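Student: Fold the following for me, if possible:
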Amino acid sequence: MTFTLYSTSWCGPCKRLKGHLAELGISFTEVDIEQSPEAAALVESLNNGNQMVPTLVFSDGTSLTNPSAMAVKEKLSAL
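Tutor: Just a heads-up that it's a prediction; the model follows:
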């Protein structure tokens, strides 16, 4: 199962999470919300109107905001 990671180029927590996911061999699709108004609107809709990143959206439609890499791994195992 895959997921989309919504981020920005300057987001420290995004960079950290991407590094940890790479160490675990977890692949994903990344979308920069500063380059996509539609993605920014989606992130806002998932986070009470806030553009909080990293926000991850999974294939089952659920999302996590600023999760740990282990939380992502656990979620993927549950899918």
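
Student: can you give me the helices for this protein?
Tutor: With DSSP state H applied, the chain shows helices at 12-23, 37-46, 69-78, listed in chain order.

Student: Export those to TSV and append columns for mean pLDDT and distance to residue 5.
Tutor: All C-beta spots, glycine's among them, are computed from the backbone N, C-alpha and C. Compiled in TSV, the helices of the chain are given as follows (pLDDT from 0 to 100; distance: least, Cβ to Cβ, whole Å):
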stretch	mean pLDDT	distance to residue 5
helix 12-23	97	7
helix 37-46	98	11
helix 69-78	95	9
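
Student: Can you lay out the ones you listed as a markdown table showing distance to residue 56 and mean neighbour count?
Tutor: Written out in a markdown table, the entries for those read as follows (distance: least, Cβ to Cβ, whole Å; neighbours: other Cβ atoms under 10 Å):
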| stretch | distance to residue 56 | mean neighbour count |
| --- | --- | --- |
| helix 12-23 | 9 | 15 |
| helix 37-46 | 10 | 15 |
| helix 69-78 | 7 | 14 |
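
Student: can you tell which of these is closest to residue 53?
Tutor: Nearest of the helices of the chain to residue 53, taken as Cβ to Cβ: helix 12-23 at 5.6 Å.

Student: Touching the closest one from outside, list them.
Tutor: Contacts of helix 12-23 with the rest of the structure, by Cβ atoms under 8 Å, 6 or more residues apart in numbering, involve 5, 7-8, 27-28, 30, 53-54, 66-69, 72.

Student: hmm, 10 Å instead?
Tutor: Contact partners of helix 12-23, identified using Cβ atoms under 10 Å, 6 or more residues apart in numbering, comprise 3, 5-9, 11, 26-28, 30, 32, 52-56, 65-73.
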